[in-house]
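1. pasting the sequence and the predicted coordinates here, then a few questions.
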Amino acid sequence: MAGPRELEVAIIGSGMGGLACALALAKKGFKKIDVYETASSLGFVGAGLQMAPNMARILDKWQCWEQIEAEATVVRESSIRQGSNNEELAHVHMPNIKNLYGHNHVAGHRFSLANGMYQACLKEPTIKFHFAHMIESVSAWSPKVTFTLKPRNGDAFTRKADVLLGADGIKSTTRTHLLSSLDLPSQPTIQDTDQAAYRIMLKREQVKDDPEILALLDGDCVTRWIGPQRHIIAYSVDNHDIYNLSTTQPDTHFAAAPNASYTTLADKGEMIRVFQDFCPLVHRMLDYVPEGEVCEWRLRVHAPLPTWTRGSCALVGDACHPTLPHLSQGAAMAIEDGAVIGEVLAKSDGTPESIAKCLKVFELLRRERTQMMVDLAKASGRALHLGEGKAKEERDRLFREAKEKGIGQQTVPDKWASPEVQKMIYSYDCVQESNDYFDKLSKEAAKVVQI
Ligand SMILES: Cc1cc2nc3c(=O)[nH]c(=O)nc-3n(C[C@H](O)[C@H](O)[C@H](O)COP(=O)(O)OP(=O)(O)OC[C@H]3O[C@@H](n4cnc5c(N)ncnc54)[C@H](O)[C@@H]3O)c2cc1C
């Protein structure tokens with residue numbers, strides 16, 4: 001029997017999860033890794049994202065962190081402000097994140113992260129990319145996974161692989177087929193968040209005459225302006241050349257069209273109206289956005305899936321645990337998934353039974369952890385968006401207390417900025433955990449695995 005490194009692995013999607021799976025497996029010595037991506041290139045919607053030490057630790061091991069970090073901005077503090085009047089509710093200093101967790105917390109461009117990982121993949125001769133290839137269906141799950149691919153300009157064809165990893169995002173086709181093959185509802189139960197996000201990038205040139213915004217651009221601070229049902233988070237990316245804003249507000253567009261795309265061009269006037277009771281600084285920032293450059297994203301999560309695996313197929317990243325962005329951990333979780341996939345598959349003996357069991361161990365390792373992060377992001381959103389009332393008074397008391405005492409380990413209602421939550425997330429080493437718990441979880445996996 002050939003060892004695991006001879007296995008043919010097919011990965012669907014070249015987002016953060018797909019790239020991470022490919023790199024992890026290549027670094028483990030897997031020799032045949034094919035990545036199928038429906039887009040014709042590594043095209044990413046322009047937006048910033050935060051990259052925390054738990055993500056950096058993994059990318060550093062794969063030798064692609066240095067370049068990504070060089071293009072990013074180190075985050076050293078966080079300020080939570082009342083949207084209506086810019087009053088500061090809490091201020092979190094994060095001067096020693098690198099000492100505590102081994103890596104900085106940085107903010108960068110989404111493309112920079114994806115491209116850094118992609119360039120690292122290109123150095124691995126065992127990874128092959130097939131752009132403009134969309135998975136259409138999966139018809140067998142073991143001993144080989146059989147699936148149909150449709151090239152953009154060609155006829156659909158069928159392929160077999162020893163392992164299929166569905167890293168095809170929140171609208172995953174792989175997930176649809178996996179669930180329906182088990183006679184489960186093919187679509188997960190949508191938990192409507194009723195939230196959408198505008199994502200905006202202000203270039204230095206646009207704001208050069210506004211000292212207040214320039215100071216934010218030149219700073220190392222992640223700032224959140226909060227208000228009832230809405231907030232804005234903003235930080236510098238691209239070596240302080242771009243000020244990235246991401247909003248959250250009630251969803252009025254996507255909810256009306258449940259099957260529509262998850263991103264759309266939005267109306268600037270409407271965006272400004274949504275934040276009309278925010279302070280003049282916020283108004284000025286929104287006003288700098290050129291008409292036609294407002295992009296709105298749907299924010300959606302779903303109920304936990306009954307399973308992430310069947311036979312030699314597993315789901316990865318947003319395909320199995322989509323999250324609200326309020327903890328800034330969605331991409332990090334997808335990359336952690338990839339790292340864990342590398343660990344568990346390297347321990348397989350290469351038989352279909354062993355592959356299925358190892359993929360189930362992956363699910364057991366990741367399910368609880370990712371659900372906790374999804375729940376925390378949801379809870380954080382609820383706290384940030386409170387309207388007038390007792391709950392808001394209590395939230396603001398906690399913010400005030402943290403501000404007055406100086407934040408040590410006490411709870412901050414914005415979970416992202418809460419040192420105790422940061423500790424729990426940033427110190428987590430998914431590779432270490434995979435190795436510590438593999439044997440124990442293998443026994444559990446053997447009992448529940450479905451071929
Ligand atoms: C507003 C917002 C802010 C965010 N901020 C942060 C942040 O600061 N930090 C952070 O860590 N995360 C953040 N995230 C979350 C993060 O972007 C996602 O969780 C992450 O990109 C998920 O990666 P993925 O690989 O699972 O899915 P995706 O990145 O969606 O990749 C899926 C890939 O599969 C491809 N695909 C889809 N269908 C098919 C098919 N049928 N065949 C072939 N290919 C297919 C797609 O084209 C895509 O390339 C944010 C998300 C949002 C919406």
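-> Arrived safely. Quick caveat, the model's predicted, so the values are computed rather than measured.
2. name the helices or strands packed onto the helix or strand where Ala24 lies?
-> Assigned by DSSP states H and E, Ala24 belongs to helix 16-27. Here helix 16-27 touches strand 8-12, strand 32-36, helix 110-122, strand 127-130, helix 330-346, going by 3 or more C-beta pairs under 8 Å, 6 or more residues apart in numbering; DSSP states H and E. Glycine gets a C-beta too; all of them are placed from N, C-alpha and C.
3. flag every residue of the stretch 51-200 of the chain that's near the ligand.
-> Neighbours of the ligand within the stretch 51-200 of the chain, by C-beta under 6 Å from any ligand atom: Met134, Ile135, Ala167, Asp168, Gly169, Thr173, Ala197, Arg199.
4. give the buried residues for the lengthiest strand in the chain.
-> If you go by DSSP state E, the chain has its longest strand at strand 190-203. Within strand 190-203, the residues scored as buried using 16 or more other C-beta atoms under 10 Å are Thr193, Gln195, Ala196, Ala197, Tyr198, Arg199, Ile200, Met201, Leu202.
5. now that strand against helix 110-122, angle please.
-> Relative orientation of strand 190-203 versus helix 110-122 (axes from the mean of the first three to the mean of the last three C-alpha atoms, to 10 degrees): 100 degrees.
6. contacts only, for the residue in the stretch 51-200 of the chain that the ligand sits nearest to.
-> Taking C-beta to the nearest ligand atom, the ligand has its nearest neighbour within the stretch 51-200 of the chain at Gly169, 3.0 Å off. By C-beta atoms under 8 Å, 6 or more residues apart in numbering, the contact set of Gly169 is Gly13, Gly15, Gly317, Asp318, Ala319.
7. report the buried members of the residues you listed.
-> Gly13, Gly15, Gly317, Asp318, Ala319.
8. need those residues in JSON lines (columns: distance to His231).
-> Shown next, in JSON lines, are the buried ones among the contacts of Gly169 (distance: C-beta to C-beta, whole Å):
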{"residue": "Gly13", "distance to His231": "30"}
{"residue": "Gly15", "distance to His231": "25"}
{"residue": "Gly317", "distance to His231": "25"}
{"residue": "Asp318", "distance to His231": "22"}
{"residue": "Ala319", "distance to His231": "27"}
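9. any chance of those residues in JSON lines, with pLDDT and distance to the ligand too?
-> Shown next, in JSON lines, are the buried ones among the contacts of Gly169 (pLDDT from 0 to 100; distance: C-beta to the nearest ligand atom, whole Å):
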{"residue": "Gly13", "pLDDT": "98", "distance to the ligand": "3"}
{"residue": "Gly15", "pLDDT": "96", "distance to the ligand": "2"}
{"residue": "Gly317", "pLDDT": "98", "distance to the ligand": "2"}
{"residue": "Asp318", "pLDDT": "96", "distance to the ligand": "4"}
{"residue": "Ala319", "pLDDT": "97", "distance to the ligand": "6"}
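10. related to what we said a few turns ago, determine which two of the buried residues of strand 190-203 are furthest apart.
-> Thr193 and Leu202 (26.0 Å; C-beta to C-beta).
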